[in-house]
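Enquirer: task: produce atomic coordinates for the following.
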Amino acid sequence: MVEIRIQYAGGLRTQARHMPSGQTLITDAPLDNHGRGESFSPTDLVATALGSCMLTIMGLVAERHGWNIEGSEAVVVKQMVAQPVRRIGSLTVRLSIRGARDERARETLQRAALTCPVHQSLGAEVQLPVEFEWLE
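Expert: Numbering: from 1, shown residues only. The predicted model follows:
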């Protein structure tokens, strides 16, 4: 169990503290929703969580097999929808994975990415297309 404490700071901003580490982050409402857009919005953090989780789970699997994927990247494009309520409509993920891999290794890493807890936690109403790019 992990505790995260979040305080409303006014001006459509929050400050979150990760209690085990003491690390903090600020959220700001996006420009298109009356905020200043000066930091991650709460829905930006969902997109960030998805890409970070996919890379982390791939990293765990890669380490287990002795594969180096350091320098790999995730780009997540978040699209909001307004109907029937404002929410995340899609999170399109492009994973660029470094290191030469045979087909079995690629399938193993792809399966790992798609079973990350964040990907598995997002509901069916959020479209989640994922593209893999294999870099030598």
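
Enquirer: who does H18 form a beta bridge with?
Expert: Beta-bridge pairing of H18 under DSSP bridges involves I4.

Enquirer: and for it, the neighbour number?
Expert: Using other C-beta atoms under 10 Å, H18 has 13 neighbouring residues. C-betas here are computed from N, CA, C, even on glycine.

Enquirer: how far away is it from V2?
Expert: Distance of H18 to V2, computed by C-beta to C-beta, to the nearest Å: 7 Å.

Enquirer: now do A29
Expert: Taking C-beta to C-beta, one finds A29 at 25 Å from V2.

Enquirer: what do you get for Q79?
Expert: With C-beta to C-beta as the criterion, Q79 and V2 are 29 Å apart.

Enquirer: most centrally placed residue in this structure?
Expert: L50 (2.4 Å; C-alpha atoms, centre = their mean).

Enquirer: which one of Q79 and V2 has more residues nearby?
Expert: Per other C-beta under 10 Å, whichever of Q79 and V2 has more neighbours is Q79, with 12 against 7.

Enquirer: can you pull the pLDDT of that one?
Expert: At Q79, the model reports a pLDDT of 97.

Enquirer: show me what it bridges to in the sheet.
Expert: Judged by DSSP bridges, the bridge partners of Q79 are S90.
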